[in-house]
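Colleague: A predicted structure for the sequence below; I have some questions about it.
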Protein chains: 2
Amino acid sequence: MSETISLAHGGGGRIARRLIEDVILKELSAGGSDGAAAPELALLSDGAVLHSFTGIPVMTTDCFVVTPQIFPGGDIGTLSVSGTVNDLVAAGARPRVLSVGLILEDGLPLDELRRYLQSIRSACEKAHVRVVCGDTKVVEHGAADRIFITTAGLGELVVEPAPGPWRLEGRTDAAVILSGTIGDHGVALLGCREGLRFETSVESDCAPLADLVMPVLETFGGAVLCMRDPTRGGLSAALGEIAGQAGVGIDITQDRVPIKPAVRGVCDLLGLDVFALANEGKMVLIVEERVSEEVVSLLQKHPLGRDAAVIGRTVKRSGRPVHLLTNLGVRRPLEVPLGETLPRIC
Amino acid sequence: MSETISLAHGGGGRIARRLIEDVILKELSAGGSDGAAAPELALLSDGAVLHSFTGIPVMTTDCFVVTPQIFPGGDIGTLSVSGTVNDLVAAGARPRVLSVGLILEDGLPLDELRRYLQSIRSACEKAHVRVVCGDTKVVEHGAADRIFITTAGLGELVVEPAPGPWRLEGRTDAAVILSGTIGDHGVALLGCREGLRFETSVESDCAPLADLVMPVLETFGGAVLCMRDPTRGGLSAALGEIAGQAGVGIDITQDRVPIKPAVRGVCDLLGLDVFALANEGKMVLIVEERVSEEVVSLLQKHPLGRDAAVIGRTVKRSGRPVHLLTNLGVRRPLEVPLGETLPRIC
C-alpha cells in the first residue's frame, strides 16, 4: 500500500477496500475483543444490526475540524470520540456505539491516519464504546484540511425523566457543579496555533467522561437535573444556554471555579476570557442541593474529577440569565460569547 | 444575518445559535409536523432521547463530498439523505431518524445552504424520516470545498434474520433483482464536471428507496436474502462484494440489465464501463427464486421500480465470483473495479 492517501482510496473498488480492511479495521481492532471495532463493523455491510441494544436510545452527532490535528494532550481522533461520548453522557445516556465518518485529503500520510485511528481506539476503550459502522471519503489536495471526522453516537438512557434544562423550570437553589478546571483545551490549542505559538505546559483536557459521570447518574438518578459539557463557547455558553432554555437564573461564584494557574496566566497575558474558552473533558452538573456534596465527593474519587466543585446555584432570574459573583464582590452578567475565541477549536 | 457563512457561525456563541435557529432549524421545520425536524431537534440539547423508538436498532453513516454540489436530478442535500436511508433499507431496516453534520466553508452563500437544507427536508419527507440531532462547523475559505455533509441513520429491523450475504452461503439459484436502470448518477455527474461537460439529458437517480423496498420486505420477509445499493463502484462492486462475502458465484445476463439509451450512448462514446458507474437510487435484491416474479411485480408498481427486472442468479462458484453472460454469448468475469471512475461522485 502506498504511504499516503490518494483519491482512489475513496472509490468503491478494491483499493478502497484495502484501506478499510488493512488500515482502518486493523487499527480499530487492535486489542482484540477489547478493541474499538465491534463485530458488526467487521461485516462491512450497509448497516450495523445492534442486537444487544436495549433501553431507550439517545442519539447525537459532532463534526471535528480541529487544527492543528495534533495538539498537547490529544489529537482529532481523541476529540472525535470524547466529544460525542460526552454529549451522550450529558443527555443522561450510557454511551454504547459510535459511527465514524472520515473525510481525508489526498496526500495525507497513512501513518498520520493510523495515529488518529489509534487515538480513536484508545478513547473508545476508555469510554467502553465500540465503532459499529463507518464511511471514508477522499477529496483532492486542497479541498479539505488533512482530515475531518464526524462521529455519531448511540447510548441508552440511564434515568427517566432524562436530565435537561426543562427539569430546572421554576427550581431555585439547585447546585451547579463543575467537574474540573476550565480553559485547558482552549489554551492548549492557542499555544500551538500557527502564528500564535507560546510556551505553555497546559495540555488539552480532552477525554471521554463516561466513567466519571455514569456512577453519579446511577447513584443519584433523578436528583441530577441537567448536564452539559462546556465545549465551544466555554462555560459562559453552556450556562447561558441552560439558563435560557430553563427560564431560570444562574449565579456563579468566581473564586469557586477551578482554573489552573498556567491557564489563568495565559488568559491574563493575552486578555482572554477564560469563561469563553473551550473544554473537551469537563461536565457541568446541576443537581438537587441536598445531594450536591455527595455528588462532588463521588466525582472527586475519579482522576478526571479531582477538582470538582460546587461553583454556584440556580436563582430566580433577575436581569440577565447568568451572573458572576466576582472576587471583588461585584455581581456582573456572564454573557454568551458572540463567537468562539478561536475558529476550529474542535 | 449576513448573506454568507463566516467563521463566527461555527463558534459556540450567539452568532452560531442564530444560524442554527433562523436558518437550519427553520428550513428543516418548514412543512410543520410533516417537516424534517423532529421535536427532539428543536430542543437543541446534547443528545436526542428517542422515546418512540422500538425494535432492534440498525445504524449506518455516510459522508458526502460530491462535486459539483448541485447536479441534474439533485444536490448534496438530496444525496445525504438518500444514501443513508438506502443503506438502512439495504440492511433490512425501516429508516426512522437521521443525524446531520455540516462542515461549511467560510464564504458559502446562505441561500445555497438553504437550498441544501430544503433538499434534505424534501428527501426526509419522502423517506418518512426525521432529523433528530446535528452539528455545524465552519472552516476557513480554502480549507473545505463549499460543504461536506455527514449523516448517520437509525432504523428498526423489519425482518429477522436480517438480510445479508451470510444468508446466501451455499445457496444457488437465488434470483438477483435490480430495481431499475444503472449508471444514471455517474453519467449525470460526469456531464456537469468542470472540464468534462457534455450534452446529456441524463439525470441522477438519487432518491430514498424506503417506499419502494419496505413493501417487499413486509410482504416477502425472510425470502429476501440479501440487498445492497450499488453506489460507488457501481453494480460490479456491489455484486463482487456480496459474492465475496457469501462465498457464492453470481451470473448476470447482460441484456437483462436495464440501461437508459442515453447512458449507454455516453458510455460507448467515452469508453466507460456502465457496470462500474455509481447509482444513488437503485437496489440489488437477492431473493428466493420462488418469489422472484412477485417481487419484481411489486417493485414495478412503484415509480422508482418501473424498470425492475431479474438480471441473474446465484450459482456454485467457478473461477471468478461474478460473471457476465454477454449479448454475444460469452461468459466473462465482472471484476470489482480498482477505484471509482470519478472522484467525489457522492
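Modeller: That came in fine, so what should we check first? Numbers count the residues shown, from 1 in each chain, chains lettered A, B, ... in the order given.
Colleague: shaky segments in the stretch 1-150 of chain A?
Modeller: Residue ranges of the stretch 1-150 of chain A with pLDDT under 70: A:1-2.
Colleague: please enumerate the strands of it.
Modeller: A:48-49, A:57-64, A:70-71, A:74-75, A:93-105, A:130-139, A:147-157 (DSSP state E, counting those that start in this stretch).
Colleague: the stretch 151-300 of chain A too?
Modeller: Applying DSSP E, counting those that start in this stretch to the stretch 151-300 of chain A gives strands spanning A:175-178, A:224-228, A:249-253, A:284-287.
Colleague: ok, now which ones touch the nearest residue to residue A:107 once chain neighbours are set aside?
Modeller: Nearest residue to residue A:107, sequence neighbours excluded (C-beta to C-beta, 6 or more residues apart in numbering or on different chains): residue A:141, at 4.9 Å. From N, CA and C alone the C-beta is placed, and that goes for glycine too. Residues near residue A:141 by C-beta atoms under 8 Å, 6 or more residues apart in numbering or on different chains: A:105, A:106, A:107.
Colleague: how near is the second one to chain B?
Modeller: Look at residue A:106 and chain B: by C-beta to the nearest C-beta, to the nearest Å, they are 8 Å apart.
Colleague: what does the stretch 151-300 of chain A put close to chain B?
Modeller: Counting by C-beta under 8 Å from any C-beta of the partner chain, the stretch 151-300 of chain A comes close to chain B at A:152-155, A:157, A:162, A:164-165, A:227-229, A:231-234, A:237, A:241, A:245, A:276, A:278.
Colleague: now with 10 Å, please.
Modeller: Contact residues (C-beta under 10 Å from any C-beta of the partner chain) of the stretch 151-300 of chain A with chain B: A:151-155, A:157, A:160-166, A:226-234, A:236-238, A:240-242, A:244-245, A:276, A:278.
Colleague: buried ones among the residues you listed?
Modeller: Restricting these to buried positions leaves A:151-155, A:157, A:162-165, A:226-234, A:236-238, A:240-242, A:245, A:276, A:278, with burial counted as 16 or more other C-beta atoms under 10 Å in any protein chain shown.
Colleague: name all residues that make contact with residue A:158.
Modeller: Taking C-beta atoms under 10 Å, 6 or more residues apart in numbering or on different chains, we find residue A:158 in contact with A:55-56, A:58, A:89, A:91-94, A:213-214, A:217-218, A:221, A:224.
Colleague: could you count how many residues lie near residue A:211?
Modeller: Counted with other C-beta atoms under 10 Å in any protein chain shown, residues neighbouring residue A:211 total 16.
Colleague: that one against residue A:125, yeah?
Modeller: No: applying C-beta atoms under 10 Å as the test, residue A:211 and residue A:125 come out as separate, 11.0 Å apart.
Colleague: wait, isn't residue A:66 in contact with residue A:73?
Modeller: No: counting by C-beta under 10 Å, residue A:66 sits too far from residue A:73 to count as a contact (11.8 Å).
Colleague: of the two, who's got more company?
Modeller: The residue with more neighbours, out of residue A:66 and residue A:73, is residue A:66; 29 against 19, by other C-beta under 10 Å.
Colleague: what sits against the more buried one?
Modeller: Here residue A:66 is in contact with A:74-76, A:78-80, A:83, A:145, A:147-149, A:185, A:189, A:204, A:206, A:278, A:280, A:342, A:344-346, B:137 (C-beta under 10 Å, 6+ apart).
Colleague: could you do residue A:26 as well?
Modeller: A:20, A:35, A:37, A:114, A:117.
Colleague: kindly indicate which of these lies nearest chain B.
Modeller: Nearest to chain B among the contacts of residue A:26 is residue A:20, at 11.2 Å by C-beta to the nearest C-beta.
Colleague: low-confidence bits of the stretch 151-300 of chain A, can you list those?
Modeller: Residue ranges of the stretch 151-300 of chain A with pLDDT under 70: A:194-197.
Colleague: looking at chain A, which helix is longest?
Modeller: helix A:110-127 (DSSP state H).
Colleague: count of neighbours near the residue lying closest to residue A:192 once chain neighbours are set aside?
Modeller: Counting by C-beta to C-beta, 6+ apart, residue A:192 lies nearest to residue A:71, which is 5.3 Å off, once chain neighbours are set aside. Applying other C-beta under 10 Å, we find 22 residues neighbouring residue A:71.
Colleague: same deal with residue A:142?
Modeller: 12.
Colleague: separation between it and residue A:107?
Modeller: Applying C-beta to C-beta, to the nearest Å, the value for residue A:142 to residue A:107 is 9 Å.
Colleague: now swap in residue A:89 and tell me
Modeller: 36 Å.
Colleague: more neighbours: those two, which one.
Modeller: A side-by-side neighbour count of residue A:89 and residue A:107, using other C-beta under 10 Å, places residue A:89 first with 31 against 14.
Colleague: what distance do you get for that one to residue A:174?
Modeller: In terms of C-beta to C-beta, residue A:89 sits 19 Å off from residue A:174.
Colleague: repeat for residue A:259
Modeller: The value you get for residue A:259 to residue A:174, if C-beta to C-beta is used, is 23 Å.
Colleague: same question, residue A:266
Modeller: 32 Å.
Colleague: and the one residue sitting closest to the centre of chain A, what is it in contact with?
Modeller: Geometric centre of chain A, nearest residue: residue A:83, 2.7 Å, by C-alpha atoms, centre = their mean. Contact analysis of residue A:83 by C-beta under 10 Å, 6+ apart lists A:60-64, A:66, A:123, A:149, A:151, A:153, A:206, A:208, A:229, A:231-232, A:280-281, A:346, B:135.
Colleague: how does it look with 6 Å?
Modeller: residue A:62 (C-beta atoms under 6 Å, 6 or more residues apart in numbering or on different chains).
Colleague: measure residue A:148 to residue B:145 for me?
Modeller: Going from residue A:148 to residue B:145 by C-beta to C-beta gives 11 Å.
Colleague: more neighbours: these two, which one.
Modeller: Neighbours were counted for residue A:148 and for residue B:145 using other C-beta under 10 Å; residue A:148 has more, 30 against 19.
Colleague: what's the closest non-adjacent residue to the more buried one?
Modeller: Nearest to residue A:148 is residue A:103, by C-beta to C-beta, 6+ apart, at 4.3 Å.
Colleague: hmm, the one you found is touching residue A:135, no?
Modeller: No: assessed by C-beta atoms under 6 Å, residue A:103 is found out of contact with residue A:135, at 9.1 Å.
Colleague: residues contacting the closest residue in space to residue A:326 that isn't next to it in sequence?
Modeller: Of all residues not flanking residue A:326 in the chain, residue A:254 sits nearest, at 4.9 Å (C-beta to C-beta, 6+ apart). Applying C-beta under 6 Å, 6+ apart, one finds that residue A:254 lies in contact with A:324, A:326, A:327.
Colleague: same check on residue A:93?
Modeller: Counting by C-beta under 6 Å, 6+ apart, residue A:93 has contacts A:58, A:155, A:156, A:157, B:47.
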